[in-house]
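A.B. asks: The sequence and its predicted three-dimensional model are supplied below.
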Amino acid sequence: MKSLLVSALLAASLSGVAYAQPGSSGEIGYPKGSIGYDALVAGDNQRAISQILSGERVSRRDPALLINLGQAYARTGRTAEAAELFTRAIVSRESVELVLADGRIMDSKEAARQAFSGLKTKIATR
């Protein structure tokens, strides 16, 4: 596993989500805004999507990017696209440690599995 410490937000599928410290960016190891963390924490899903898609300095295969974009898509009803992104993070050759919004540290593959599971539950309860 790559030992990069990053931040991701999994509010849709993980319980106990807390907000980042005021005035601090949750994007550890990334250019500010590049993985849409602060926008997700603020509930601004469209801004998160725009930030992530417009960023050119983070690989489109980066697990934190895939998970955060998946979260934003899930929150805006784009569940098929969210499921695809979570699946890509699960099967990725790259694995990173993520600092979740509530401060827990989790492997990106496990975070993506939980996000995908939460998405399936959300779809099933409609």
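C.D. replies: Here it is on my side, so go on.

A.B. asks: Which stretches in this protein count as strands?
C.D. replies: 5-8, 97-100, 105-107 (DSSP state E).

A.B. asks: So what are the sheet partners of the second one and their directions?
C.D. replies: Looking at strand 97-100 with DSSP bridges, its paired strands and their directions are strand 5-8 (parallel), strand 105-107 (antiparallel).

A.B. asks: Between those, which has the poorest mean confidence score?
C.D. replies: Sorting those by mean pLDDT places strand 5-8 lowest, at a mean of 45.

A.B. asks: number of nearby residues for residue 28?
C.D. replies: The tally of other residues near residue 28 (other C-beta atoms under 10 Å) stands at 15. All C-beta atoms are positioned from the backbone trio N, CA, C, and that covers glycine.

A.B. asks: I meant to write residue 103 there.
C.D. replies: Residue 103 has 11 neighbours, counted by other C-beta under 10 Å.

A.B. asks: how near is it to residue 113?
C.D. replies: Counting by C-beta to C-beta, to the nearest Å, the gap from residue 103 to residue 113 is 20 Å.

A.B. asks: same check, this time on residue 95
C.D. replies: Distance, residue 95 to residue 113, by C-beta to C-beta: 12 Å.
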